[in-house]
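>>> just the structure for this:
(2 chains)
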Amino acid sequence: MLRSSQPLTGPNRKRCREDEMLLGTVLDEEDRGFIIDTRSAQAAKQARMTGGGTEPKSSYPQWKRLHRPLERGRPLQESFVKLVEACNDTSLNMDRWLSRLESCRWLSHVKAALSTACLAAQCMDREEASVLVHGAEGMDTTLLVTALAQVILDPSCRTLVGFQGLLEREWIEAGHPFHLRCSRSAYSHARLKQEAPLFLLFLDCVWQLSRQFPFSLEFSERLLLTLFDNAYASAYGTFLCNNEKERCLCKVKENTHSLWAWLNQPGERKKYLNPLYSHNALVIWPSVEPQSIQLWQGLFFRWIRSSQYLDEAWAEIQQLVEGE
Amino acid sequence: VENVRLLDRLSSRKATLGTLYLTATHVIFVENGSETRKETWVLHSQISSIEKQATTATGCPLLIRCKNFQVIQLVIPQERDCHDIYISLIRLTRPVKYEELYCFSFNPKLDKEEREQGWKLVDLNEEYNRMGVPNNYWQISDVNRDYGVCDSYPTEVYVPKSATAHIIVGSSKFRSRRRFPALSYYCKDNNASICRSSQPLSGFSARCLEDEQMLQAIRKANPGSNFLYVVDTRPKLNAMANRAAGKGYENEDNYSNIKFQFIGIENIHVMRNSLQKMLEVCELKSPSMSDFLWGLENSGWLKHIKAIMDASIFIAKAVAEEGVSVLVHCSDGWDRTAQVCSVASLLLDPYYRTMKGFMVLIEKDWVSFGHKFNHRYGNLDGDPKEISPVIDQFIECVWQLMEQFPCAFEFNERFLIHIQHHIYSCQFGNFLCNSQKERRELKIQERTYSLWAHLWKNRADYLNPLYRPDHSQTQATLRPQMAPCNFLYKFWSGMYNRFEKGLHPRQSVTDYLMAVKEETQQLEEELEVLRERLANLQKSQLNDNKVETKQQDRSKQFGLSASNNSLANTPQEYSNDLKSFPSRSPSQGDEEDSALILTQDNLKSSDPDLSANSDQESGVEDLSCRSPSGGGCLPSEDSGKDSDEAVFVAV
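Numbering: from 1, shown residues only, chains lettered A, B, ... in the order given. Predicted coordinates:
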C-alpha cells in the first residue's frame, strides 16, 4: 500500500517520467494496481484547473483508478460541531433526535471512511493487488484510509505497541498537520479554516472496529479517548507541530516528553488494555451497514452520560478474565 | 419441490440451491451439497406473510416474512409449483382451530409428571406471597372464581382489605370489559402498590359509588400516603374521545384524593404501523446512513419504546421515591397497562431481573391478567387489526435496560430473543388464547408443554456472565438516566436483523465470558481438591507443578479463543460498481467476465453454521442436521457454539 498526494497534471495534462517509473517499479509486468482517490471524480477533474489532477490511464496503464469521496476540511469540522451541539441539546425530543443526528452527517462520514478503508484492504487481501491512496494533499483523508486499512489487515497494528507504531508512521511522521487540524475542537466560535477532525474520525472508526470485534484489539476505548485528548491539548510533545520538519526546528524531542513513553510504563499501560484481547491472526472485515455503525457514546456523551454502570461492567469483565 | 433457490438478502448473488419441504407444521429448506446439508426450518405459526412476486427468467420468487423478523426469499423454478406452495402456505399459516397448532403435536418425550412439573415451575401464589401479600392491607379475593365478574381476569385477584365483594362487583360494572382495579405489584418496604384496571365508563358525567370506593380502598391500603396517582397511559386526545363513547377517565373532582396523569403511549394500530415501517427500513438494500436514520425516525419506533419506558419510570419513581400507590389503566387494560406495569415492576424489584423472576413477571402481568395473545400475535386466523407488537415492545424495553445496566440482569439477550420467538411459535402452550378462562377450557396444561420448563432446562445458555446477586446494580431500583437520554435508545439489530449474520459481531462476548466463568469454577474446584490432597501428603513437589501448569493452560483450553479460524469473517460488498479491468492476466480466472468481483463469492461457502435455525424435534422426519442440540431446543445463533463447524479458510 502506498500513499502520496495528487499528481500535478494540471490543465495541460503534464506527464512525469519519473513518477510513472516509480509507480511502474511497484508492479510486476502482469500485475495491476488500484489507485484510490479520496476525491470525487468531479473534484479530481476540477483540481486540474489549479495545477493538480489525476493519473491518466494512458500514462499509468497498470493502475485502475477508483474514486471514493471522503469529506475533509471545513465541512467535516462543521459536521463535528453540529454533532456535539446535537448531543448537548437537552430540548431535543426523541421524535427529532435521529433526524438531527442524521443532519450532522458524522455517521455517514464514519461509514464512508470504513468502506473506503475496507476497499483498500480488499484490493490487497482479496485481489492481491497493490494500492496507491491519495486525495489532494495526501495528509488528511489519505492517512485516514491507509491507517485504517492497516488496522483491518494487520494483526500487529492491533496490539498496543503496534497501534502506537501505526500512529507514529501513518499520522505523525506522515505529516498530518495536527497543529492546524486539532486546534480549538467543537465548542470554539472561531471557525478556523484549517481545522478538521480527521484524526477523531479515525479514532471513531477504530472504535467501531473494537465494537464489532471485541476480542481483536489489544487496547481499550480508554486509549482512544486519551489519544483524542492529547491530539488537542497535551502535556507531551508527540502531537505537536504539523510535520517532522517543524518538530525538528522546534527541537520537540529535546524539549518535551513523549506520550508513548508515559503510556507504556507498566503501571500506566495496563489501564489501556482490553481484557478480552486474544491475538486474531485474521483480517477483520467490519460490517458497514447503518445498523452496525453506532454513535460513539463514550466520546460524544462522555460528560453527559453517567458511565458508572458501564465501568462496573468492564470491571466485572476484567475480574472474570483475569481472576480475583 | 426440488431445485429451489434460497437467496441471501444482503448479497443478491449468493443463492443456495436446495429442496423445499412442506410439512403439517413446518416449511423446511434443505441445502444441496455433500458437506453441509444446512437446513432452515420455519414453523407455520411464525409466518406472518407470504408474497408471490413476478416471475422472472430464473423462476418464481416467493417472499416469506416471519413474525420473528426472519425474511426468506425463495425462487421456485416452476410457476405451477410456486402457486401450489403459495396456496398451501396461505392455508397452513391461517389455522382456524387451536388443535391445528404445533403445541398439540409437539412431543419432547417427557412423561406426564414431567409435563405437570413444567407447568408448576411458575407459581403465582408463591409470587404474591413473596411480595408480602396477603397481609393487613391486601387480601386475596375469589369473587371471580368462575370468571363471573370478569372473564379476562384470573380466578384469583388481590384487592385491598376494605374492598368487599360488593365494591368489586360494582366497580367492575363501571370498567371497560369489567376489568376492575386489582393488584399488580406490592412494595413491602413502604406499602405502596401498583394496581391495574381498564378505563372507567364515565362518559362525560357518569359516576359509580363502588368504583370511587374501590380507589379509596387502594389509597387507604397505603397508610404512608394521603393520595393516589391515577395514570392513564393513553394520549389525552384519545382518552377524551372515548368519553363520547361512554367511557373515558377519572375525574379528579369525583374521586377523592387522586392525582390524575396522562402519559401518552399510542394505541395498537399506531404500533403495528410503526413496526411495519421499521421492518421496511430493515429490508432496504444497501441503505445509506441517511436512509436508515430517516427511516427509523419516520417509523417512530424508538419514540414509542421511550414513551413506554418514561411511563414506567414515572410509576417506579412514585412507588420507590414518593411512596405513593399508582393505579394504571389504558383503554381495556390489557396492552399498554401490561407493558407499563411489568416494566415498572422490573425497575423496582431485582427479583424480576432474575431468570425465574422474569418468567414470573410475564405469567403475572401478561398471561394471568388476560393479555390477548391470540388476537395480538395471530395464533389463529383473525382480524388483522388486532395484530400488534405489544409484548415485543415490552421485551425491547427490557433489552434497552440491559444495555444501560449490563450487570443488573441474570439473563442475557438470547433469553429475550428466544422468548419472543416462542410467543409466536406456538410450540408451547403458555401463550395461547386470550385469557386464563379460555386456556383452562382448552385444557392447555394437560395437552401442551410449558416454555418455562424448556428454557429453565437450558438456562446455562441464557445466563449473563456479568450478573452477581450482590452487585450494586442488581440490588436496588434501577434508575435510568433521564434527559438527555435519547441517545441511550439504540436500534436492536440483534432482534430485527437477527438472521443477518454479517451484521453482528462474530464473537459473542457473553458466550466467551460464560465459558471463562465455567472454566474458572472448574479450576477452582480442582484447586480445592488438590489442596486437600496436598495437605494429606508428605511430599508436595510434584503436585505443585501440576497445579501451576493447569492455570497457565487455561487460555488454551477455550475452544472459543479468537484465534480459532472458524471465527474468520468475510468482507461484505463494499463496492458494487467496479467495471472490468482490461489488462487482467489469465491467471485471475474470474468466472464472470463483466465485473471485478470484490466479494467472497469465489470462495467456498463454508462459513460456520451460525443460523442453524432448525427446531429439531422427534415426531418429524429426521433429516440429518448439524444442529448441536436436539430435542426441540432452538440452537443459539452465536458463533461460540459452532466453533467445530466447517472452517472458513482465510487467505
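
>>> ok, the residue nearest to B:R498 when sequence neighbours are not counted - how many residues close by?
What sits nearest to B:R498 in space, not counting adjacent residues and going by CB to CB, 6 or more residues apart in numbering or on different chains, is B:F69, at 5.7 Å. Yep, even glycine has a C-beta here, placed from its N, CA and C like the rest. When counting by other CB atoms under 10 Å in any protein chain shown, one arrives at 23 neighbours for B:F69.

>>> how close does B:F69 get to chain A?
The gap separating B:F69 from chain A is 12 Å, by CB to the nearest CB, to the nearest Å.

>>> so A:Y309 is in which element?
helix A:308-322 (DSSP states H and E).

>>> over to A:L98?
helix A:94-104.

>>> for that helix, the distance to its chain's centre please.
Counting by CA atoms, centre = their mean, to the nearest Å, helix A:94-104 is centred 25 Å from the centre of its parent chain.

>>> and for the most centrally placed residue in chain B, nearest residue in space, chain neighbours not counted?
Nearest to the geometric centre of chain B sits B:Q420, at 2.9 Å (CA atoms, centre = their mean). Excluding its sequence neighbours, the residue lying closest to B:Q420 (CB to CB, 6+ apart) is B:I395, at 5.2 Å.

>>> so the one you found sits against B:H418, correct?
No - B:I395 is beyond contact range of B:H418, at 10.5 Å (criterion: CB atoms under 8 Å).

>>> ok, residue 274 - contacts?
With no chain named, the answer covers chain A. Applying CB atoms under 8 Å, 6 or more residues apart in numbering or on different chains to A:N274 gives the contacts A:S210, A:P214, A:L217, A:E218, A:F219, A:S220.

>>> look at chain B instead
B:E266, B:S299, B:G300, B:W301, B:H304.

>>> just A:T226 next, same as before
So A:T226 contacts A:L263, A:Y272 (CB under 8 Å, 6+ apart).

>>> look up which helix or strand it falls in, please.
With DSSP H and E as the test, A:T226 turns up in helix A:221-232.

>>> that helix: which residues count as buried?
Neighbour-count burial for helix A:221-232 flags A:E221, A:L223, A:L224, A:L225, A:T226, A:L227, A:F228, A:N230, A:A231, A:Y232 (criterion: 16 or more other CB atoms under 10 Å in any protein chain shown).

>>> likewise stretch A:259-266?
For stretch A:259-266, by 16+ other CB under 10 Å, it's A:L259, A:L263.

>>> ditto for stretch A:166-176
Buried-residue list, stretch A:166-176, by 16+ other CB under 10 Å: A:L166, A:L167, A:E170, A:W171, A:I172, A:A174, A:G175, A:H176.

>>> nearest to A:G298 among the residues you listed?
Using CB to CB, A:L167 is the member of those that lies nearest A:G298, at 19.0 Å.

>>> what sits against residue 163?
Since no chain was named, I'll use chain A. By CB under 8 Å, 6+ apart, the neighbours of A:F163 are A:V151, A:C157, A:L217, A:E218, A:F219, A:L223.

>>> you looked at the wrong chain, it should be chain B
B:S141, B:Q213, B:M214, B:A217, B:I218.

>>> can we see that at 7 Å?
B:A163 makes contacts with B:M214, B:A217, as judged by CB atoms under 7 Å, 6 or more residues apart in numbering or on different chains.

>>> mind checking how far it is from chain A?
In terms of CB to the nearest CB, B:A163 sits 39 Å off from chain A.

>>> check B:I265 too.
For B:I265, the distance to chain A - CB to the nearest CB - is 13 Å.

>>> is it correct that the residue nearest to B:R498 is in contact with B:E500?
No - checked against CB atoms under 7 Å, the pair B:F69 and B:E500 is beyond contact range at 9.6 Å.

>>> could you point out the helix or strand that follows the helix holding A:T226?
Following helix A:221-232 in sequence, per DSSP H and E, is helix A:244-249.

>>> residues of that next one that come out buried?
Applying 16+ other CB under 10 Å to helix A:244-249 flags A:R247 as buried.

>>> what does that helix contact?
A:E173, A:G175, A:L240, A:C241.

>>> so the third one makes contact with A:N255?
No - here A:L240 does not reach A:N255: they are 9.6 Å apart, not a contact under CB under 7 Å.

>>> between these two, which one's more packed in?
A side-by-side neighbour count of A:L240 and A:N255, using other CB under 10 Å, places A:L240 first with 16 against 9.

>>> just want the phi and psi numbers for the residue nearest to that one when sequence neighbours are not counted.
In space, and not counting its chain neighbours, A:L240 is closest to A:V252: 5.3 Å by CB to CB, 6+ apart. Main-chain torsions, A:V252, degrees, to the nearest 10: phi -60, psi -40.

>>> can you tell me the closest non-neighbouring residue to the one residue in the stretch 151-300 of chain A that gets nearest to chain B?
Residue nearest to chain B within the stretch 151-300 of chain A: A:P290 (3.4 Å; CB to the nearest CB). In space, not counting the residues next to it along the chain, A:P290 is nearest to B:F292; the distance is 3.4 Å by CB to CB, 6+ apart.

>>> one more: B:F499?
The nearest residue in space to B:F499 (CB to CB, 6+ apart) is B:Q70, at 4.6 Å.

>>> B:K501 is in contact with the one you found, correct?
No - using CB under 7 Å, B:Q70 makes no contact with B:K501, being 12.0 Å away.

>>> circling back to that earlier point, using PDB, write down the CA coordinates of the helix holding A:L98.
Provided in PDB are the C-alpha atoms of helix A:94-104 (Å, rounded to 0.1, in the frame of the first residue of the first chain):
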ATOM      1  CA  MET A  94     -37.000  11.600  20.700                       C
ATOM      2  CA  ASP A  95     -39.000  12.200  17.600                       C
ATOM      3  CA  ARG A  96     -36.400  14.600  16.300                       C
ATOM      4  CA  TRP A  97     -33.300  13.100  17.600                       C
ATOM      5  CA  LEU A  98     -32.500  10.800  14.800                       C
ATOM      6  CA  SER A  99     -33.100  13.300  12.000                       C
ATOM      7  CA  ARG A 100     -30.900  15.700  13.900                       C
ATOM      8  CA  LEU A 101     -28.200  13.100  14.200                       C
ATOM      9  CA  GLU A 102     -28.600  12.400  10.500                       C
ATOM     10  CA  SER A 103     -28.300  16.100   9.600                       C
ATOM     11  CA  CYS A 104     -24.900  16.200  11.200                       C
END
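
>>> for it, the averaged confidence score.
Mean pLDDT, helix A:94-104: 95.

>>> residue contacts, B:A338?
Contacts of B:A338 (CB under 7 Å, 6+ apart): B:D365, B:W366, B:F369, B:H371.

>>> before we move on, which element is it in?
helix B:336-348.

>>> pLDDT averaged over that helix, what's the number?
Here the average pLDDT along helix B:336-348 is 98.

>>> after that helix, which helix or strand is next? Please name it.
Taking DSSP H and E, what comes next after helix B:336-348 is helix B:355-362.

>>> tilt between that next one and helix B:336-348?
Angle of helix B:355-362 versus helix B:336-348, following axes from the mean of the first three to the mean of the last three CA atoms, to 10 degrees, is 150 degrees.

>>> how far off centre is the following helix or strand past helix B:355-362?
The first helix or strand that comes after helix B:355-362 along the chain, using DSSP H and E, is helix B:373-377. Relative to its chain's centre, helix B:373-377 lies at 14 Å (CA atoms, centre = their mean).

>>> so which bits of helix B:373-377 are buried?
Result for helix B:373-377 [16+ other CB under 10 Å]: buried residues B:F373, B:N374, B:H375, B:R376, B:Y377.

>>> same thing with stretch A:206-223?
Applying 16+ other CB under 10 Å to stretch A:206-223 flags A:206-221, A:223 as buried.

>>> hang on, the earlier thing: and the contacts of the helix holding A:Y309?
A:P275, A:L276, B:Q404, B:F405, B:P406, B:C407, B:P465, B:L466, B:Q473, B:L513, B:V516, B:K517.

>>> so for the residues you listed, which is the shakiest by pLDDT?
For those, the pLDDT minimum is B:Q473, 65.

>>> worst-scoring helix or strand of chain B, pLDDT-wise?
helix B:554-557 (a mean of 42; mean pLDDT, DSSP states H and E).
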